[in-house]
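Asker: Below are the sequence and a predicted model for it; my questions follow.
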Amino acid sequence: MNKNVNRIYEKTIDGERVYCIEHTPTGLCAIFDYDESAKERVLEESKKRKKQLTPHSTKDGDGRQLEYGKSRHGYCATSLATVLYSHYKNIPLDELISDGGQVRHYSNLLLPGNCEDCRSTSLYSTKDIVMETDARKITLLDGGKYIRLDLKSAGVTEYLSNSPGMLQLIGTPNNMSFFVNKGGRTQVKIYHPICEDGQEPYLSMVAYACYYMGVNERNFRHKLPEIRKAFRDSNKTIDHLNSDIHNNCIWNLSVMPSGSNSSKHDYVGRIKPPWFLYSAATESGEYRIHFGYRNYAGMGQDFYIICPDESILRHFLRGAMDMDKAPGLLRRFQIPRTLWGLNKKAPYAASNFERAAREAERLLSMDESRFTVWDITGTITTGKGG
């Protein structure tokens with residue numbers, strides 16, 4: 001008897017409607033695009049193979065994923081991610097498999113609730129790799145929107161926006177090399193440098209200079225040292241808005257006084273689940289924030305905030321950490337500062353690049369009328385809840 005161990009249903013993840021397929025005996029599930037044709041493809045594959053999806057360890061040993069097992073009807077074992085990637089990209093499945101590329105997730109971590117992320121924005125093929133050497137590997141993500149830079153010896157992954165000239169700047173081996181310092185931050189060694197102080201710039205500064213200051217493959221050797229000196233003389237630095245020092249995307253970088261950068265970094269990294277904070281910096285210099293919480297039942301509250309400058313941003317973050325009391329829905333969890341004190345090493349929401357990128361893109365696309373403009377008189381008032 002072929003017992004049905006898969007069920008498909010709809011759910012909402014971070015405000016996005018998705019389909020979810022679950023292996024009911026283990027509870028392992030996978031989400032994918034809220035697309036009827038994708039749902040039909042998943043069901044069609046099971047029917048054709050006469051195999052349901054079951055959990056299997058990934059080949060690189062970094063987790064478990066749903067997979068159609070090997071079938072006596074002549075089908076090899078194939079992951080759900082591979083089937084969905086072929087559907088999203090409109091590539092015949094046999095062609096994708098025979099091409100030798102492997103479909104992988106941008107992040108090896110499961111989403112909360114033992115859930116594999118198989119959305120179109122979360123999968124890539126190793127055939128998407130555009131450059132690889134012994135020291136680094138560069139992959140284009142999300143249809144070429146982002147660059148993933150893997151530094152092999154250090155085991156560190158950096159993310160950048162694929163702005164004009166960025167790929168050529170960091171991808172040409174004779175331009176620069178990368179190393180990770182004792183603080184875990186990536187610095188850039190420029191070949192034939194003219195840095196007077198002999199100090200290599202951070203990758204975040206190189207990225208910001210490429211985004212906003214006209215640095216490219218032709219002029220970086222003389223412009224980067226000048227830019228670095230100007231920042232040092234003015235006591236300013238490049239800030240990672242969501243405190244992820246490996247996320248160097250355009251919406252995550254801005255210029256701040258060095259002291260403001262340090263204090264802001266401490267606040268953002270301390271907002272732990274079930275609280276969350278996502279953010280995006282605009283080209284005009286304002287900061288867009290999505291702050292809120294979700295309890296186990298998915299109930300919660302959302303705040304959409306615009307902070308006009310870095311001082312207002314720090315004021316908002318202090319208010320978020322030190323609100324008077326937690327809402328009724330979260331009585332177990334307390335306010336963000338108390339929760340951080342109980343588990344300082346817990347991950348925070350925006351430390352997951354895929355979720356941070358999706359939320360930043362959404363924040364930047366939203367109409368300003370949906371935001372509250374914060375000022376120094378603002379306070380955060382949460383709902384009473386259950």
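Answerer: In hand now; what should we look at?
Asker: Can you tell me the element residue 116 falls in?
Answerer: Element membership for residue 116, per DSSP states H and E: strand 115-117.
Asker: chain center to that strand, what's the gap?
Answerer: Distance, stretch centre to chain centre, for strand 115-117: 14 Å (C-alpha atoms, centre = their mean, to the nearest Å).
Asker: could you point out which element follows that strand?
Answerer: strand 123-125.
Asker: What strands flank that following strand, and is each parallel or antiparallel?
Answerer: Paired strands of strand 123-125, with direction, are strand 103-105 (antiparallel) (DSSP bridges).
Asker: same question for the partner strand, mean pLDDT?
Answerer: Average pLDDT, strand 103-105: 82.
Asker: ok, residues contacting that strand?
Answerer: Residues from elsewhere that reach strand 103-105, judged by C-beta atoms under 8 Å, 6 or more residues apart in numbering: 79, 81-82, 85, 96, 116-118, 122-126. For the C-beta atoms, the positions are set from N, CA and C on the backbone; glycine is no exception.
Asker: Now for residue 375, how many residues are close by?
Answerer: 11 (other C-beta atoms under 10 Å).
Asker: same deal with residue 190?
Answerer: The number of residues near residue 190, taken as other C-beta under 10 Å, comes to 17.
Asker: mind listing the strands for the stretch 101-250 of the chain?
Answerer: 103-105, 115-117, 123-125, 129-132, 136-141, 146-151, 156-161, 176-180, 186-190, 236-240, 247-248 (DSSP state E, counting those that start in this stretch).
Asker: So which of those strands is nearest residue 22?
Answerer: strand 115-117 (8.8 Å; C-beta to C-beta).
Asker: helices or strands next to the strand holding residue 116 in the packing?
Answerer: On a contact count with 3 or more C-beta pairs under 8 Å, 6 or more residues apart in numbering; DSSP states H and E, strand 115-117 meets strand 29-33, strand 64-68.
Asker: Name the residues that touch the first one?
Answerer: Looking back up the chat, that one is strand 29-33. 11, 13, 18-23, 38-39, 42, 53, 65-66, 80-81, 84, 88, 111, 113-120.
Asker: show me the contacts for the nearest residue to residue 177 once chain neighbours are set aside.
Answerer: Leaving out its chain neighbours, the residue that sits closest to residue 177 by C-beta to C-beta, 6 or more residues apart in numbering is residue 189, at 4.7 Å. Counting by C-beta under 8 Å, 6+ apart, residue 189 touches 176, 177, 178, 179, 200.
Asker: could those residues go into a markdown table alongside pLDDT, neighbour count and distance to residue 338?
Answerer: Listed next are the contacts of residue 189 as a markdown table, based on pLDDT from 0 to 100; neighbours: other C-beta atoms under 10 Å; distance: C-beta to C-beta, whole Å:
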| residue | pLDDT | neighbour count | distance to residue 338 |
| --- | --- | --- | --- |
| 176 | 89 | 22 | 44 |
| 177 | 90 | 16 | 44 |
| 178 | 93 | 20 | 39 |
| 179 | 93 | 15 | 39 |
| 200 | 86 | 22 | 40 |
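Asker: Of the residues you listed, which is the nearest to residue 245?
Answerer: residue 178 (13.6 Å).
Asker: For stretch 270-282, buried residues please.
Answerer: 270, 271, 272, 274, 275, 276, 277, 278, 279, 280, 281 (16 or more other C-beta atoms under 10 Å).
Asker: Which members of those occur in helices, if any?
Answerer: The helices, defined by DSSP state H, take in nothing from the buried residues of stretch 270-282.
Asker: can you tell me which two in the residues you listed are farthest apart?
Answerer: Applying C-beta to C-beta across the buried residues of stretch 270-282, the maximum distance is between 274 and 281, 25.1 Å.
Asker: Leaving out chain neighbours, which residue sits closest to residue 231?
Answerer: Closest residue to residue 231 apart from its sequence neighbours, by C-beta to C-beta, 6+ apart: residue 237 at 6.4 Å.
Asker: Contact partners for the one you found?
Answerer: So residue 237 contacts 231, 255, 256, 257, 258, 261 (C-beta under 8 Å, 6+ apart).
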